[in-house]
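S.K.: 3D, please:
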Amino acid sequence: MSITQLRYPELSAATRARWNSLLKSNREITARAKRLIQLAVEACEAVGPIALQARLHGGALWICCPQIQLAALLDCSDRTVRDELARLTACGALQTHAHPTKDNIIGYRIDLAALESIPESHTPDLDDIILDFADQQTASGVTSGVTSGPTSGVASGPTSGPTSGVASGPTSGPTSGVASGVASALMIHEGMNELYKTSSITHDHESHETREAVPKVRFDQISENHIRAIAGFTVESNGRTGILSEPKRLAKVHEYFTDAVQAGLALPAEFRTFAALFRNVGRRTDIKHRSKYLRTLWRNRNDKPLDGVLTAADRQYARQLAEIDHE
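M.R.: Here you go, the predicted structure:
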């Protein structure tokens, strides 16, 4: 295969958008690693920095550059570069490949889907501040029409500033989902009510028994939109977008779980694992058919345990949802 077959002088708009979204996200990727990715993306379309070769191929960035040169480009020590590469390798986002014929030439493959699967960073202190502000606004009777000032954009979606990603989805720490509560307090998305109007829950804190009595959804017909909403991400309905509040996420996943229990596909004690799987599948970007994938994982859990699939953050998220019943 000639080298020209591997050259991509221009990135497509969709690919560029995905990489730029990753670089602006609040994921647990260090600033120096993001800088490396930014240099590589730029090098794919133009003459890159000296000694840095980069190509986009197969959904990944391929980089060839001596570590000492990487250290110079990133303004750090050679040891720091090794640590950064080790972090990316540990999370499954980077693979190292030696040149097939030339000694001491190493290439690095940085996988986009793996990077997008890295959890969002925890921001508990900032979440507390935002929640406190929202409570003050609600107490003052200011629950809508907030379009300017310090909180502009907080509830409507991610921003490009320091708080980028705060409102776009939950974190996995003790204050996970705070941003979704802010969204519910500051902006009422009527279209979201249409998406969840079939819910058997009329009040966020109805009893567990009431929730189990009249399931309105079926495990064998899981909605792709519901998976993302239960996982705490922004979804669209009837032209409107929003993040479902935590009590309503709990209500919806309980409906699916109740149906699974009644169908003999789940045991009552498995709720947290069930909810954690919704979180795992909902946040991942490497899955084409989320509903089918989720059902397959769940049905095969006895033969193929979910321990290797669910992360600590997924389980923490499920614990937090389950604890809403006890508040």
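
S.K.: got the residue ranges for the helices in the stretch 201-327 of the chain?
M.R.: 208-213, 224-230, 246-262, 271-283, 290-299, 312-323 (DSSP state H, counting those that start in this stretch).

S.K.: How is this structure partitioned into domains?
M.R.: Structural domains annotated on the chain: 3-116, 122-188, 190-327, as defined by automatic domain parsing.

S.K.: Now the weakest link among these, please, by mean pLDDT.
M.R.: When the domains of the chain are compared by mean pLDDT, domain 122-188 comes last with a mean of 46.

S.K.: Residue 61: what secondary structure?
M.R.: The three-state label given to residue 61 by DSSP: H, G, I helix; E, B strand; the rest coil is strand.

S.K.: Kindly report the same for the one 10 residues further on.
M.R.: Using three-state DSSP, the three-state assignment for residue 71 comes out as helix.

S.K.: just residue 108 next, same as before
M.R.: In three-state terms, and counting by three-state DSSP, residue 108 is strand.

S.K.: and it, how many neighbours?
M.R.: Under the neighbour criterion other C-beta atoms under 10 Å, residue 108 is assigned a count of 22. No exception for glycine: its C-beta is placed from N, CA and C like everyone else's.

S.K.: I'd guessed it sits against residue 93; true?
M.R.: No. Using C-beta atoms under 8 Å, residue 108 and residue 93 do not qualify as a contacting pair, with a distance of 10.2 Å.

S.K.: I'd like to know how far residue 229 sits from residue 294.
M.R.: Between residue 229 and residue 294 the distance, using C-beta to C-beta, to the nearest Å, works out to 14 Å.

S.K.: And the two? Which one has more around it.
M.R.: Using other C-beta under 10 Å as the criterion, residue 229 and residue 294 rank with residue 229 on top: 26 against 22.

S.K.: Quick check: closest non-adjacent residue to residue 265.
M.R.: Using C-beta to C-beta, 6 or more residues apart in numbering and skipping the chain neighbours, the partner closest in space to residue 265 is residue 219 (6.1 Å).

S.K.: for residue 249, that is, sorry about that
M.R.: Nearest in space to residue 249, with sequence neighbours left out and distances taken as C-beta to C-beta, 6+ apart, is residue 230 at 5.0 Å.

S.K.: In contact with that neighbour, which residues are there?
M.R.: When contacts are counted by C-beta atoms under 8 Å, 6 or more residues apart in numbering, residue 230 is found next to 244, 249, 252, 253, 275, 278, 279, 282.

S.K.: nearest to residue 120, of these?
M.R.: When the contacts of residue 230 are ranked by distance to residue 120 (C-beta to C-beta), residue 279 comes first, at 11.7 Å.

S.K.: burial of that closest one, as a residue count?
M.R.: For residue 279, the tally of surrounding residues (other C-beta under 10 Å) stands at 30.
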